[in-house]
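Student: Make a model of this:
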Amino acid sequence: MSKALKFNFNPFKAGLNHVLGTLEKDIMEVLWKRGESCVKDILDTFPVDKNISYSAVITVTNRMTKKGLLKKRKVGKAYFYKPIYDREEFFEIVSKKVVEGISEFSLKSAMVHFVDYMSQMDSEKIEYFSKLIESKRQSFSKELVEHTKKT
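Tutor: Numbering: from 1, shown residues only. Okay, the predicted model is just below:
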């Protein structure tokens, strides 16, 4: 796999902006949708009224490469960028790191707030999480029994 993904989580932002800057988010959205693209192609997808310069996109894509978000390859004089992770892989990695980070503060507090948040969801989602927790509980019990048999 590639370099470790580097990001900071800002709880006061929304959506992808929790972990990406505005231009980073816009670039990732373009690349997830279009696939590998050069800076000109990325820039061409932005509305003209955004007033984003070519050099700003170059700077940000290069930073995103250093952060482990993008791969870069040279074709002629142009560089082409593509996401290292697809959208779901990215969300999975970020979610895992955020939960681990929050749990370092207080696992109990994190879980209480997560359950409170879940209680506001529709019953279908609550049922999904209940089954997931039960499945993990059963797996843990089976592993414990197997471990006990071996010792």
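
Student: Give the closest residue to residue 19 in space, chain neighbours not counted.
Tutor: residue 7 (4.4 Å; C-beta to C-beta, 6 or more residues apart in numbering). Using the backbone N, CA and C atoms, a C-beta is placed for each residue, glycine as well.

Student: And what about residue 74, helix, strand or coil?
Tutor: strand (DSSP: H, G, I helix; E, B strand; the rest coil).

Student: before we move on, the earlier item: the residue nearest to residue 19: what's it in contact with?
Tutor: 19-20, 67, 94, 97 (C-beta atoms under 8 Å, 6 or more residues apart in numbering).

Student: Are any of these buried, and if so which?
Tutor: 19-20, 67, 94 (16 or more other C-beta atoms under 10 Å).

Student: what are the ranges of the strands in this protein?
Tutor: 37-38, 70-75, 78-83 (DSSP state E).

Student: can you tell me how far the closest residue in space to residue 20 that isn't next to it in sequence sits from residue 94?
Tutor: Closest residue to residue 20 apart from its sequence neighbours, by C-beta to C-beta, 6+ apart: residue 28 at 6.4 Å. Distance of residue 28 to residue 94, given as C-beta to C-beta, to the nearest Å: 12 Å.

Student: do the same with residue 136
Tutor: 21 Å.

Student: picking that back up, give me the subset of the contacts of residue 7 that lies in helices.
Tutor: With helices defined by DSSP state H, the entries of these inside them are 94, 97.

Student: Return the set of buried residues in stretch 93-107.
Tutor: 93-94, 98, 102.

Student: Export the strands of the chain as a markdown table, with columns for mean neighbour count.
Tutor: Listed next are these as a markdown table, based on neighbours: other C-beta atoms under 10 Å:
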| stretch | mean neighbour count |
| --- | --- |
| strand 37-38 | 18 |
| strand 70-75 | 13 |
| strand 78-83 | 18 |
